[in-house]
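Undergrad: Need coordinates for the below:
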Amino acid sequence: MFIAKSYYSLRYGTMSPVELAAQAAAKGVDTLVLTDINNTSGIFEFVKACREKCVTPLAGIDFRNNNRWLYTGVAMDFKGFGELNRFLTHYRLQGLDLPEIPPLFEHAVIVWPWGVKQPGDLRENEYVGVRHFQLRQLVTSEWRDNQDQLVIWQPVTFADRSGMELHRHLRAIDRNILLDRVEESDMASAYDWMVAPEKLEKAFKDWPEILKNTKYLLGQLSFDFDFRSIKNKSTYKGDRQEDEKLLSQLAFEGMKERYGVDNHEARQRVGKELRIINDLGFAAYFLITWDIIQYSLSRGFYHVGRGSGANSVVAYCLKITDVDPIELNLYFERFLNPKRSSPPDFDIDYSWREREEVQKYIFERYGKEYSALLGAISTFQTKAAIRELGKVYGLPKDEIDQLVRPVAGFEPGTLEQKILKMARQLADFPNIRSIHAGGVLISDSPITDFTALDLPPKGFPATQWDMYTAEDIGFEKFDILSQRGIGHIKECIEIVQENYRVTIDMHRVNDFKKDERVKDLLRKGETTGCFYIESPAMRGLLKKLGCDDYLTLVAASSIIRPGVARSGMMREYIRRFHHPDDFEYAHPVMKEQLGETYGVMVYQEDVIKVCHHFAGLDLADSDVLRRAMSGKYRSKAAFQAIVKKFFDNCRQKGYPEQLTSEIWRQIESFAGYSFSKAHSASYAVESFQSLYLKACYPLEFMVAVINNFGGFYATWVYVNEARRWGARINLPCVNQGEYSTSISGTDIFLGFVHVRDLEQKTVKTFIEERNRNGVFSGLDDFINRTGISKEQLIILIRLGAFRFTGKNKPELLWEGHLLLTGTKKSKPDKPLFQTDSPHYTLPEFEQSLLEDAYDEIELLGFPVCCTLFDMLKTSFRGEIQADELDQHVGSVVRVVGQLVTIKYVRTVKKEVMHFASFVDSRGAFFDTVHFPPVLKAWPFRGDGVYLIRGKVVSEFGQPSIEVEKMAPLALKPDPRGD
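TA: Predicted coordinates for the structure are as follows:
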């Protein structure tokens, strides 16, 4: 009986399921059992691989506490696999050790290690496994005359004896110990490799009954599994016809709300989509998604539906998405078509604060037995493997760093070479089981029929296999994702509701698209804080396009992606956008298929169109391309496999080689980066929603952005933006401030959450006391009522949180030290009678604005009472400001700017160059380009304010500075010294 452990026995096994199947076939092993340690991650990959090699696959689990083998369960059939999964799941979800004695399974057998059980101890369907080297012990044991429950046991952990070394290194990494400290008990036996069956039978030739038992047992075991059937919950109401009826009713009701009663095109499209959905049996998937949306809407949660699901008018009518497919000419077949057998896939984004509530609803609504988060498996990457191996050899960090980034090769036979060779062997081995970013499965049968479950930190059970296995076996996930952009929108709506009693319906996207204030922000690139369109590159692109409409923004959301930009087609798109009559299409097919995007491939759909219509690839090959471009593949093999066919077809069509090569270059540059048009449209919808809030409620919007810690920039940039839009920025105050940033009129009070080293419990204590018993009258009142420690009080004083007292910081620091007398109060004192605090006569102290600024930088990371420009030694603020650059194109100018962000780029020659963004003394952005020679001579020296000399250039009306010289400007020193 060959019992294998794959590399899914993390940091233990040394072979993939595919390699195990190939080994079995090569050795003539006709039946192989996969029993990974406390998991079933690889079982379906193993079953597929075995079937391809004509090896009978069986399933089981090796049950261990830490590294101690307790027993092994082997499923008699698929039901038995579920029993083993449920047994393991129970203990994993409880965080308990496995029991020394398992339950009596109905459809699974238990095999015990040799030496643990005696004759008479075994129950029905229990056996003892005997290794060939244990036969000598059998001669003198009680089992000699009781062989009916003994079976041959041959574990397989490595391919051959040489694999033992890789196994030993894995065990050292797993135990986080030096290699020479790995003990025999930590490892598999040296005999745990695949041998020829006849060789194993020969070892047991004197024990025919054990041979017979083994063959009989194997004959009783099976693992039949249908990979083709859909495993998702198949009905919503319990009956397919009822589901179809409900879906039709909801879709047509939603159509009236979205399109009006008389929209013939919408009615026709809804009817067509419903027929396909119902014919494929996917009505339940739509209804479950609708149900999740209805729950979240009832809770006031804001969501964004995106991905290829946005191609569906039915999804739009159900409010799953806010993308109108008719407006964008999105074809439903990109999402669902009659040839598709796997369920559709919706991506639903929620605020990071609310996603867990939605997940909780799913588990409660559809049953914890039938629901699970989708697992993920992170693998060893070469650099990480080198670091782990360096540690097990006891190398110091600097030597490991040299191994990771070698400046030269290493001599053969050295330790360094050995580590690098071992790291290459480890590359792509599974290392850690985790959870998918947002995938949730809802199954028709108990989820443990298919997998044991882990309990990750999120608190919801997760499958032990990943999205690839889920798809292979017939599951399609519900993607319940989170993003901070939605948090901005949600919180801004709440602030507006509270401050103005105005309720904003964020689904009125069509109104937002027509709003002139929104269009103006887009044209000017005033998008800081707005989802997906706030980066320097995106702001620049919007200005270059003069973008002020939805369709252009949809295209911009895709051409900003690295694939289009890197291929040079982003610049070409902008040129053609402004000069639509000043270019020639590479081929008539490009004009026919890509007229909307001026012959430039912008979306995944465009690439599919070109491959199909230009190169004559069939739609199956085109779908391989689509999946490769979206990253839904384990390797690039499938992507590269159709290159030859592409070029062969083009030669047969008589295309010039140069034309074919250029078209393929553009296609290939999209790999891993391109968006579907529906995805870009979904992003553009959310961008318009953010833009509307910024246009109408800019200060509330910036407060929401700050509170969600989100976006492309550091917090100080959003504070700067709020100031630009008319806010007065206030430091946190113990009488007016909150833990999060808050707003009153045009006054924004930064939240205490931003203060370094200030404990959350301290803030919670004094805010609760203030809300309960009123504002604090002074420092002594605050100390008496809160019991604050001296260290935390000093932080608040230095922050200026007691400025309401009218006293400066030195006075307050003296007073605080005197009142606390060097001790920490564990509980606030509440005197029976109000008494006057002792009066101290203190000398006069001075406190400068510069000292305050340095305190704020230390505690918040940026000054609030002034700007970095106010702290400069020099009064020079540049010859021109950011809004004057376009008047000086071609001139060399000197400007002063505070560094915001740097983008690192490598040229074709592999040299480093930078694109950077700065703000001037008025808070306005400008961009710079730093070519390699200049960057070497005048490098960045960290954050701060820089004097920049360079030439003003302009591309499509968007100015920037090509830097010639640059140096940081010195700040006035802190008057208090070190």
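Undergrad: How confident was the prediction at the most centrally placed residue in the chain?
TA: Residue closest to the mean C-alpha point of the chain, counted by C-alpha atoms, centre = their mean, is residue 437 at 4.9 Å. At residue 437, the model reports a pLDDT of 88.
Undergrad: How about residue 254?
TA: 96.
Undergrad: Okay, it and residue 685: tell me how far apart.
TA: As judged by C-beta to C-beta, to the nearest Å, residue 254 and residue 685 stand 17 Å apart. All C-beta atoms are positioned from the backbone trio N, CA, C, and that covers glycine.
Undergrad: Give me the more crowded residue out of these two.
TA: Set residue 254 next to residue 685 and count neighbours by other C-beta atoms under 10 Å: residue 685 wins out with 28 against 20.
Undergrad: returning to what we had before: assumed the residue nearest to the centre of the chain was part of a helix.
TA: No - assigned with DSSP: H, G, I helix; E, B strand; the rest coil, residue 437 falls outside any helix and is strand.
Undergrad: For residue 683, see how far away it is.
TA: For residue 437, the distance to residue 683 - C-beta to C-beta - is 16 Å.
Undergrad: How about residue 753?
TA: Residue 753 sits 28 Å away from residue 683, going by C-beta to C-beta.
Undergrad: do the same with residue 571
TA: Residue 571 is 21 Å from residue 683, by C-beta to C-beta.
Undergrad: more neighbours, the two?
TA: residue 683 (24 against 15).
Undergrad: dump the residue contacts of the more buried one.
TA: 306, 531-532, 557, 675 (C-beta atoms under 8 Å, 6 or more residues apart in numbering).
Undergrad: All the strands of the stretch 451-600 of the chain, residue numbers only.
TA: 453-454, 462-463, 478-482 (DSSP state E, counting those that start in this stretch).
Undergrad: need those in JSON lines with mean pLDDT, distance to residue 215 and mean neighbour count, can you?
TA: Listed next are those as JSON lines, based on pLDDT from 0 to 100; distance: least, C-beta to C-beta, whole Å; neighbours: other C-beta atoms under 10 Å:
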{"stretch": "strand 453-454", "mean pLDDT": "96", "distance to residue 215": "34", "mean neighbour count": "23"}
{"stretch": "strand 462-463", "mean pLDDT": "98", "distance to residue 215": "34", "mean neighbour count": "26"}
{"stretch": "strand 478-482", "mean pLDDT": "92", "distance to residue 215": "45", "mean neighbour count": "22"}
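Undergrad: want to throw these into a markdown table with distance to residue 4?
TA: As requested, the strands of the stretch 451-600 of the chain are exported to a markdown table (distance: least, C-beta to C-beta, whole Å):
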| stretch | distance to residue 4 |
| --- | --- |
| strand 453-454 | 22 |
| strand 462-463 | 21 |
| strand 478-482 | 34 |
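Undergrad: which of the residues in stretch 583-590 are buried?
TA: Using 16 or more other C-beta atoms under 10 Å as the test for burial, stretch 583-590 gives 586-587, 589-590.
Undergrad: Which pair of the residues you listed spans the longest distance?
TA: The distance between the two most remote of those (C-beta to C-beta) is 8.7 Å, for 586 and 589.
Undergrad: on that earlier part again, from the contacts of residue 683, which two are the most distant?
TA: Distance extremes for the contacts of residue 683: the farthest pair is 531 and 675 at 14.4 Å, using C-beta to C-beta.
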